[in-house]
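Engineer: Predicted coordinates and the sequence they were generated for:
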Amino acid sequence: MDCMADFTSLEGYHARGASLAGEEFAPFALGSATSARFVSVGHGSEARDRRSSGIGLSRPCPDDREAGIWLHPREDERLVSLLSYKILDTAPESAYDSATRLAARACNAPAAMVSLVDRDRQWFKAVHGIQGLASEVDRSDSLCSDAVACESVLVVEDTLSVPRYARSALVAGAPGIRAYAGVPLIGRDALPLGTLCVVDWRTRSFSSSELEDLVALAHSVVTHLELRRVDSSLGRDSGGLLRDALDSIRLRTAIEMGEFVNHYQPIVDMGSGEVIALEALVRWRHPELGVIPPAFFLPAMERTGLMNALGLRVLADALDMAVGLRSVPGIGNAPKVAVNVSGTQLGSYGFSAAVAEELSRRHLTGGDLCIEVTESVPLLGNAVAAELEELRGIGVGVALDDYGTGNATAGQILELPLTTIKLDRSLVSAVTASERSKAIVVSTLRLAEQLDLEVSCEGIETSAQRDVLLAAGARLGQGWLFSMPVDRERTVGLLVRGEACG
């Protein structure tokens, strides 16, 4: 289950194959070659379609000797596009707050911001790590304005060494920015709206992996901007669903055309750092809106009866991933895959037989797969329990997801043929601050030990949370501390490089 309920798309909006060319543009200089540079972001063939990729390619900018505000070549159109989102001067929203918090963590930075660059100001939609910052600053003091004007990732390792930025009020005064990395937010009109940026109070560089994570998060911000855009043909209904998701024919076509894709988040042995499993998390790669998080389409799948078709596609893709990992050099023991299964799927005739057939077709065993179900499953009756028993009979793991949300009694839960209990992120996130949450975690660990069940902890975002859980006896963990959910290509890279170790 996605550990970021309110900002699920953080994990992966167009993270597919994002790479940083790291090239500087000769037409201009911003101080020393290593202190500030514009970085091009490549997405293969998708780099040629900014409406899909959400991140623009680098372009030459004015020389630093040109004082004042740099403007985008299509500045008037850009401002009209920005106004169409009706987001300026709106109240804080948890989605954008989450983006800044996770961006700061991903880049090991103390602060991060989501900003929109208006005609004469930089307005902050969300700020993390800076107290007392005004809601806006003059555009002439904005580093983000340059990233927007040049439509490029801007990296400044030492702001004081670049005259253009040394005179900014944000650098010379409070909060005293000394290092900066900002990614432009490219909207559906292929025009930059603002940035997602991280800042530091010391001079520093930013690694390629940090910048790639920042790019992925910026794409996530773009997704949320698009989903709230006032548009008569594309958008959300009053229930928060995409209008396209209300059209069953459109949904079926999307399934058949392969628009639904899996992103993967590692489940890690917190002691050794070994990746034990990969949880498959479905996304809709919408041709107009980019990658859409499941909250905007899964409820519609349930209503239209397409959940079985989507679920089989997610399962097949996850098993293909499991097979593919076995042939990748540099990966030792390939991790199993975990797939979320709804009550609708479990209640359908022949589900366990279909799983067995998919495994057999790929010469995989039941031990290569774990099925994740929610606490509501015990309430669905004996037929569902029988399907789970069939799965356990062929060696498939069964994990109870979101444990602690309280939808079923302990007696009903114990009747399920479980192998794993997954602690809900609401408990995990509070273990360092709430003795009650910590006590629930400890008691669950003890119960699981007595029942010979594994416990996996979802939503781990800090090393402090990991350390408390390890001390309490937990072994398996999942969350942004180890990795955001990413696409297939980046998942393979994480496994080969061994980066999902927290």
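Structural biologist: Received it, and whenever you're ready, just let me know what you need.

Engineer: Run through the neighbouring helices and strands of the lengthiest strand in the chain.
Structural biologist: For the chain, the strand with the greatest residue count under DSSP state E is strand 275-286. Identification of packing neighbours for strand 275-286 by 3 or more C-beta pairs under 8 Å, 6 or more residues apart in numbering; DSSP states H and E yields strand 260-269, strand 290-292, helix 307-325, strand 336-340, helix 488-497. Every residue, glycine included, has its C-beta placed from N, CA and C.

Engineer: Out of these, flag the one nearest Ser463.
Structural biologist: strand 260-269 (12.7 Å; C-beta to C-beta).

Engineer: Report the inter-axis angle for the closest one versus strand 275-286.
Structural biologist: 160 degrees (axes from the mean of the first three to the mean of the last three C-alpha atoms, to 10 degrees).

Engineer: and strand 260-269, what does it pack onto?
Structural biologist: strand 275-286, helix 307-325, strand 476-477, helix 488-497.

Engineer: worst average pLDDT in the helices and strands packed on strand 275-286?
Structural biologist: Lowest mean pLDDT of the helices and strands packed on strand 275-286: strand 290-292, a mean of 83.

Engineer: one step back: adding distance to Pro163 and mean neighbour count, write the helices and strands packed on strand 260-269 out as JSON lines.
Structural biologist: JSON lines is the format used below for the helices and strands packed on strand 260-269 (distance: least, C-beta to C-beta, whole Å; neighbours: other C-beta atoms under 10 Å):
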{"stretch": "strand 275-286", "distance to Pro163": "43", "mean neighbour count": "24"}
{"stretch": "helix 307-325", "distance to Pro163": "50", "mean neighbour count": "19"}
{"stretch": "strand 476-477", "distance to Pro163": "46", "mean neighbour count": "24"}
{"stretch": "helix 488-497", "distance to Pro163": "37", "mean neighbour count": "18"}
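
Engineer: Where does pLDDT dip in the stretch 201-350 of the chain?
Structural biologist: Counting by pLDDT under 70, the stretch 201-350 of the chain has low-confidence residues at 228-241.

Engineer: same thing but at 50, please
Structural biologist: 230-236, 238 (pLDDT under 50).

Engineer: follow-up on the earlier one: out of the helices and strands packed on strand 275-286, flag the one nearest Leu79.
Structural biologist: strand 290-292 (22.1 Å).

Engineer: and the closest one, what does it pack onto?
Structural biologist: Using 3+ C-beta pairs under 8 Å, 6+ apart, strand 290-292 sits against helix 208-228, strand 275-286.

Engineer: mind checking how far Phe260 is from Asp424?
Structural biologist: Taking C-beta to C-beta, to the nearest Å as the measure, Phe260 falls 25 Å from Asp424.

Engineer: Show me how far the longest strand of the chain is from its chain's centre.
Structural biologist: Computed by C-alpha atoms, centre = their mean, to the nearest Å, the separation of strand 275-286 from the middle of its chain amounts to 10 Å.

Engineer: Report the strands that pair with it, each with its relative direction.
Structural biologist: According to DSSP bridges, strand 275-286 forms sheet pairs with strand 260-269 (antiparallel), strand 290-292 (antiparallel), strand 336-340 (parallel).

Engineer: check contacts around the residue nearest to Leu289 when sequence neighbours are not counted.
Structural biologist: Nearest residue to Leu289, sequence neighbours excluded (C-beta to C-beta, 6 or more residues apart in numbering): Glu226, at 4.8 Å. Counting by C-beta atoms under 8 Å, 6 or more residues apart in numbering, Glu226 touches Gly187, Arg188, Leu289, Gly290.
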